[in-house]
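J.: Structure for the following, please:
(2 chains)
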Amino acid sequence: MTRYAGNAAAIRALVREQEVHRDVYVSEEVFQLEMEHMFPNSWVYVGHDSQVPNPGDYFGTTIGTQPILLVRHTDGTVKVLHNRCPHKGTRITSETCGNAGKFFRCPYHAWSFRTDGSLLAIPLKKGYENTGFEQSHAASGMAPVRHIRNYRGFVFAKINDGGLDFEEFFGESLSSFDNMIDRSPVGQLKVAGGVLRYMHNCNWKMLVENQTDTCHPMVAHESSAGTVVEVWKKAPPGTKKPMAVEIIAPFMSPYEFFENMGIRIWDNGHGHTGVHHSIHSDYSAVPGYFDKMKAAYGEERAKAILGENRHNTVYFPNIMIKGPIQLLRHFKPIAANKTLVESWTFQLVDAPDMLLERTLMYNRLINAPTSIVGHDDLEMYERAQEGLHSNGNEWVNLQRLYSPDEAGQTNVAVNGTSEWPMRHQFRAWTKFMTMGM
Amino acid sequence: MVTEAQVKNAIPTDQELIDFVVREARLIDQQRFDEWLDLYADDAFYWMPLEWNQTDPRLTCSLMYEDKLLLSIRVERLKGARTFSQKPKSRCHHVLQTPQVDSRDPAANNYVTWTPMHYIETRMDEQTLYAAWATHHLSVENGTLKIKLKRVDLINCDAAFGNIQLFM
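T.: Next comes the predicted model:
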C-alpha cells in the first residue's frame, strides 16, 4: 500500500509544529521517499579530501543508500562518481579505499573509465558499431555527481539539479567547520586514527535529534558518566584527574549547565549546541599548542578560535561535527529501522599529537560499539523504535520551549534545552522531501 | 572453583599459565567481575584493536584501550540500578583453544600466551558470535600471576558491530 509516494500533502501532514507522526521513523515507504527525494535534494557529506591525496586515489561511501566514490582526478580536483559500471551495474572498486592508477577497470568485462568517470575503452568495441551505442546511458561512463563542493577539505555533493546552491543551503553554519579547521596552526585537517563503525537498529533521525538533545545525558548516561563520577570520588586526594574522567564526567552536568550553554539555530535544519560553553570547555591545556596558535594567528585571534566551545553542530541531513575535538559523526541510513554510524577523527596539521590522542580517546569512550556511553544511547533508540509501533499514540512530541513565531527565524541563540533544533530539522525535512514533488 | 592465581614457585610452569588464562575466561562467563578485576595488575591495560595488525594504541583508534580505572568503572556500571542497557542483563560464553605459551622470560618477569577463541554474547533474543585471538602478557607479583596486558584481536575488528557490552 502506498500512502505517501507523490503525495506532498500527506508528507507535510506528518510534521506538525510541535509533534511528528511516527511514520517518519518506522515507515519503509517514507524511508524510500527520503532516499528518492530528501537526500538527493540536499547537500550531503561525502568525505574529506585528505582521504584521497594522490591522483587515482578513491574512497567509497554512500549518499543515502546510493554507492558513490570520492576520487582524486588526474588534474588534481576531486570528483564524486556513482559507483556502478554503466554496463551491468557491477560495483567498480573492490576495497573501500585505494588507488585506481590512471583509470578504473570493471572486474566483470574490463570496461575502463578515466578518473572523472568518462568511458575510456571497451574490449571488442566493434560489437557496438552501428548499434546506436553513443546514445546509450552506458556511453557516458560512470555517471558523475554534478553538484559537488570541496569546502576547505570537506566534500559535499547534491545529486539532484534542483534545490539550493551550496552557500544558500549552509549559510552561516559553515562557521563551525571554519572553527574546527582554524584550530590547526596551518588551517588544515587530515583524517587520522581510523573510523569507528557502529550498527544501530533504529531510524537515522533518532541519532541526528539526539545530538542536540540536552535533557538526556544526566538521565540516560547516569549509568556510565554517573559511575565515573562516583568511582573518581574514591581516588586519593591530589590524584591528577585522568583524561578519561575529564571526557566522561561532564555528561553528568546538571540541567542548568545545559540550559545555559545555549543552542543556535540556522536555516535548513542546521544548528549547534554550546553557544556559551560546553562539555569540552574544561579540558586540560595541551603543552605547546597555544604557542603554536599564537605564532600562527596572533594572540587575539588564537584566543578567539580556541574560545569557541561549540558542543555538537548538526548539519542537515545526517552529520554532526565537534569542532573543539575534531570529530565528525556520519549517520548513514540503511533502512527505516537500521543506521550505520561512522565516527571519524581528524588530526590538526602541525599541532601536538596529544590533541589527536585525546580525540581518539573521546571517540572510543563515547562512540565505539564497545562504549558504555554508546550502550546507554543505543538502548534508548532501540526501545523507541520498538515503542513507536504502539497504536496508543501515533505522535512524537517535540514541544519543549516551543514558540509560535520560531518558523523562519535564523541565527538565533536560545535556551540550551530547547527542542527547537529538532522542530527545525523537521521543517527542513518537509522542505527537501517535497521539493519537486 | 578457587580464584587465586598463586604459583608454586617463583617461575610459573606452562600449565600454570594455561590454567590462569582458562580461569580468567571462566570468571567472565560466570560474571564474577570483581574477582576477574583482581587478576589485573594495577598498571594493566585491556586492549581491543580496531585495525588488523595494529601496533599503536595511542594515535590509532581502538575498540577498547582501558586501564584498570576504566575497567573498574565498567564493572561498577554493570551493577547499577539505572544501567538500562543491562536490563535484562547480557550473558557471555567463551570457547578457548588450549592457550599456547609463546614466550617465557623469567628475568623480565614476562610470560606471553596466545589463545584462539570463540566468544558469544547474548541479550534477550539476540545472540552474536565473535572469533578472536587473545594475547596475555602475564607476570608474577607477590607469588600470584597478574595480567599486565590482555590484547583481544577480533578476526573482523574493522566490521560494524552492534553493542558489545561484556568482556572477551
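
J.: any idea of the mean pLDDT in the longest strand belonging to chain A?
T.: Ranked by residue count under DSSP state E, the longest strand found in chain A is strand A:338-348. Taken as a whole, strand A:338-348 has an average pLDDT of 98.

J.: what's the first helix or strand past it going along the chain packed up against?
T.: Beyond strand A:338-348 in the direction of the C-terminus, DSSP states H and E gives the next helix or strand as helix A:353-366. Packing partners of helix A:353-366 (3 or more Cβ pairs under 8 Å, 6 or more residues apart in numbering or on different chains; DSSP states H and E): helix A:243-248, strand A:327-335, strand A:338-348, helix A:372-387, strand B:62-67. Where you see a C-beta, it was placed from the backbone N, CA and C, and this is true even at glycine.

J.: So which of the ones you listed is nearest A:Arg364?
T.: strand B:62-67 (5.8 Å; Cβ to Cβ).

J.: Just the buried positions in the closest one, please.
T.: Buried residues in strand B:62-67, counting neighbours by 16 or more other Cβ atoms under 10 Å in any protein chain shown, are found at B:62-66.

J.: From those residues, list the ones also adjacent to chain A.
T.: For chain A, the contacts drawn from the buried residues of strand B:62-67 by Cβ under 8 Å from any Cβ of the partner chain are B:62-65.

J.: Quick check: the two most widely separated of these?
T.: B:Leu63 and B:Tyr65 (8.3 Å).

J.: coming back round to it: with pLDDT as added columns, please give the ones next to chain A among the buried residues of strand B:62-67 in JSON lines.
T.: Listed next are those as JSON lines, based on pLDDT from 0 to 100:
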{"residue": "B:Ser62", "pLDDT": "98"}
{"residue": "B:Leu63", "pLDDT": "98"}
{"residue": "B:Met64", "pLDDT": "98"}
{"residue": "B:Tyr65", "pLDDT": "98"}
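
J.: Now render those residues as CSV, adding distance to A:Ala302.
T.: Converted to CSV, those look like this (distance: Cβ to Cβ, whole Å):
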residue, distance to A:Ala302
B:Ser62, 32
B:Leu63, 35
B:Met64, 35
B:Tyr65, 31
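
J.: biggest strand in chain B by residues?
T.: Longest strand in chain B, counting by DSSP E: strand B:126-141.

J.: Tell me the first helix or strand C-terminal of it.
T.: Next element after strand B:126-141 (DSSP H and E): strand B:144-154.

J.: which residues sit against that following strand?
T.: B:4-7, B:12, B:16-17, B:20, B:24, B:39-41, B:43-49, B:63-64, B:110, B:130-140, B:168 (Cβ atoms under 8 Å, 6 or more residues apart in numbering or on different chains).

J.: Show me which positions of that strand end up buried.
T.: B:144-154.

J.: Would you mind confirming that A:Met206 is in contact with A:Glu382?
T.: No - taking contacts as Cβ atoms under 8 Å, A:Met206 lies outside contact range of A:Glu382: 9.3 Å.

J.: Of these two, give the one with the bigger neighbour count.
T.: Applying other Cβ atoms under 10 Å in any protein chain shown to A:Met206 and A:Glu382 shows that A:Met206 carries more neighbours, namely 22 against 18.

J.: mind listing what residue 137 touches?
T.: Answering for chain A, as no chain was given. A:Pro86.

J.: Chain B is the one I meant
T.: Neighbouring residues of B:His137 by Cβ under 8 Å, 6+ apart: B:110-112, B:147-151.

J.: one more time with 10 Å
T.: Residues near B:His137 by Cβ atoms under 10 Å, 6 or more residues apart in numbering or on different chains: B:41, B:44-45, B:47, B:102-103, B:110-113, B:146-151.

J.: quick one: secondary structure of the residue lying closest to B:Phe161 once chain neighbours are set aside?
T.: Leaving aside its sequence neighbours, B:Phe161 sits nearest to A:Pro369 (Cβ to Cβ, 6 or more residues apart in numbering or on different chains; 3.9 Å). When classified by DSSP: H, G, I helix; E, B strand; the rest coil, A:Pro369 comes out as coil.

J.: roughly how far apart are A:Pro369 and B:Pro116?
T.: 22 Å (Cβ to Cβ, to the nearest Å).

J.: These two - which one has more neighbours?
T.: Neighbour count, other Cβ under 10 Å: between A:Pro369 and B:Pro116, A:Pro369 has more, with 21 against 16.

J.: ok, back up a step: would you format the buried residues of strand B:62-67 as TSV with distance to A:Tyr25 included?
T.: Shown next, in TSV, are the buried residues of strand B:62-67 (distance: Cβ to Cβ, whole Å):
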residue	distance to A:Tyr25
B:Ser62	33
B:Leu63	29
B:Met64	31
B:Tyr65	35
B:Glu66	34
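
J.: is the helix ranked longest in chain B anywhere near chain A?
T.: Scanning chain B for the helix with the most residues, using DSSP state H, yields helix B:14-29. No - on the criterion Cβ under 10 Å from any Cβ of the partner chain, helix B:14-29 is out of touch with chain A, staying 14.4 Å away.

J.: what is the orientation angle of that helix with strand B:126-141?
T.: If you take axes from the mean of the first three to the mean of the last three Cα atoms, to 10 degrees, helix B:14-29 sits at 140 degrees to strand B:126-141.

J.: For the closest residue to chain B within the stretch 1-150 of chain A, which non-adjacent residue is spatially closest?
T.: Closest residue of the stretch 1-150 of chain A to chain B, Cβ to the nearest Cβ: A:Thr96 (9.3 Å). Residue nearest to A:Thr96 in three dimensions, not counting chain neighbours: A:Gly60, with 5.2 Å by Cβ to Cβ, 6+ apart.

J.: Fine, thanks again, bye for now.
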